[in-house]
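Undergrad: curious how this folds, go ahead:
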Amino acid sequence: MAISADDVFAETMSPELIEASDRRTRELLEEFETLQQLRKARSLTQEYVGKKLGKKQVSVAQLEKRSDFLLSTLRGYVRALGGELDLVVRFKDHAPVVLAGVGEESLVEVPHAPNRAESAKKRSARQTVA
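TA: Numbers count the residues shown, from 1 in each chain. You can find the predicted model right below:
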């Protein structure tokens, strides 16, 4: 199951740090207010980005209109533009910390453990075959 950025921030950051992060985000977004502007600044088309993501152009258009993303989705989009997305946590009394692996697809999808009934059925099937 995917973990939202809000959940990660709530567990690892104080409300003051979240507000400071939000302020900095707004400052950065003044440069590029939308993913569409970021893509256009790189002189890329939605079709090109879609091909890099393995999606259709219309999916990229829909993605660019969203205001809330999974980190893995945003990371993939930025990679399709040729960039890298870093998630940096800043504390007043500590050097900035880059969170590695947050939002990586391999961390997002966690296989569930089979329940006891499923395990018993598999054991029974193996014993029947043998």
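
Undergrad: switch to C-alpha atoms for all contacts and neighbour counts from now on
TA: Will do.

Undergrad: regarding this structure, what is its longest helix?
TA: Longest helix in the chain, counting residues (DSSP state H): helix 15-31.

Undergrad: model confidence over that helix, on average?
TA: Here helix 15-31 scores 78 as its mean pLDDT.

Undergrad: how about that helix: buried residues?
TA: 17, 18, 21 (16 or more other Cα atoms under 10 Å).

Undergrad: with respect to residue 34, which of the residues you listed is nearest?
TA: residue 21 (17.7 Å; Cα to Cα).

Undergrad: which residues sit in contact with that closest one?
TA: Contacts for residue 21 (Cα atoms under 8 Å, 6 or more residues apart in numbering) come out as none.

Undergrad: only C-alpha atoms, please: export the longest helix of the chain in CSV.
TA: Output in CSV follows, covering the C-alpha atoms of helix 15-31 (Å, rounded to 0.1, in the frame of the first residue of the first chain):
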residue,chain,number,x,y,z
PRO,A,15,4.1,21.5,12.3
GLU,A,16,6.6,24.4,12.2
LEU,A,17,8.9,22.4,9.9
ILE,A,18,5.9,21.5,7.6
GLU,A,19,4.9,25.1,7.4
ALA,A,20,8.5,26.2,6.6
SER,A,21,8.6,23.4,3.9
ASP,A,22,5.3,24.6,2.5
ARG,A,23,6.6,28.2,2.3
ARG,A,24,9.8,27.1,0.5
THR,A,25,7.7,25.0,-1.9
ARG,A,26,5.5,28.0,-2.7
GLU,A,27,8.7,30.0,-3.4
LEU,A,28,10.0,27.3,-5.7
LEU,A,29,6.7,27.0,-7.5
GLU,A,30,6.7,30.7,-8.3
GLU,A,31,9.5,29.7,-10.8
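
Undergrad: before we move on, the earlier item: mind putting the buried residues of helix 15-31 in TSV, distance to residue 62 included?
TA: Formatted as TSV, the buried residues of helix 15-31 follow (distance: Cα to Cα, whole Å):
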residue	distance to residue 62
17	31
18	27
21	26
